[in-house]
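# 3D, please:
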Amino acid sequence: MSNILGRLGLGLLPLAMTPLLLWLTGEGYLNFGGGCKDILALIPWLIWALAFFICSMVLWRKGAPLLRAALYAAAGATGIMVLLFIILLATQAGLLGIKPP
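Model (predicted):
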């Protein structure tokens, strides 16, 4: 039972930190230099946290040990963010003045 709670807690930890980060940013304790637009900086964090949770649950289902699952989930979530960045960059290349090949 404690193994199940530990894995769920580790997978949900980044998502659980999102309201705290939202509050800290809204109150001005965290300043990213964007003024009122600082709240928008949490959107990539939220996407990464959701990807981390999904990856950790998939790795748990496959039977990976806890530490390996956490490391692979972090790497997988970061890879998903890189892939999304590349897709967004490729689709908006015309607006950036870059001619696609």
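# so residue 95: helix, strand or coil?
Using DSSP: H, G, I helix; E, B strand; the rest coil, the structure places residue 95 in coil.
# for residue 40, see how far away it is.
In this view, residue 95 and residue 40 are 19 Å apart by C-beta to C-beta, to the nearest Å. All C-beta spots, glycine's among them, are computed from the backbone N, C-alpha and C.
# most centrally placed residue in this structure?
What sits nearest the mean C-alpha location of the chain, by C-alpha atoms, centre = their mean, is residue 48, with 1.0 Å.
# and the host helix or strand of it, what other elements does it pack with?
If you go by DSSP states H and E, residue 48 is part of helix 42-62. When contacts are defined as 3 or more C-beta pairs under 8 Å, 6 or more residues apart in numbering; DSSP states H and E, helix 42-62 packs onto helix 2-27, helix 66-91.
# mean pLDDT lowest for which of the ones you listed?
For the helices and strands packed on helix 42-62, the stretch scoring lowest in mean pLDDT is helix 2-27; its value is a mean of 88.
# for that helix, the distance to its chain's centre please.
Put simply, helix 2-27 sits 12 Å off its chain's centre (C-alpha atoms, centre = their mean, to the nearest Å).
# now the helices and strands packed on helix 42-62 in a markdown table, with mean neighbour count and distance to residue 44?
Shown next, in a markdown table, are the helices and strands packed on helix 42-62 (neighbours: other C-beta atoms under 10 Å; distance: least, C-beta to C-beta, whole Å):
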| stretch | mean neighbour count | distance to residue 44 |
| --- | --- | --- |
| helix 2-27 | 13 | 11 |
| helix 66-91 | 14 | 7 |
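# make JSON lines from those helices and add distance to residue 55 to it.
Output for the helices and strands packed on helix 42-62, formatted as JSON lines (distance: least, C-beta to C-beta, whole Å):
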{"stretch": "helix 2-27", "distance to residue 55": "9"}
{"stretch": "helix 66-91", "distance to residue 55": "4"}
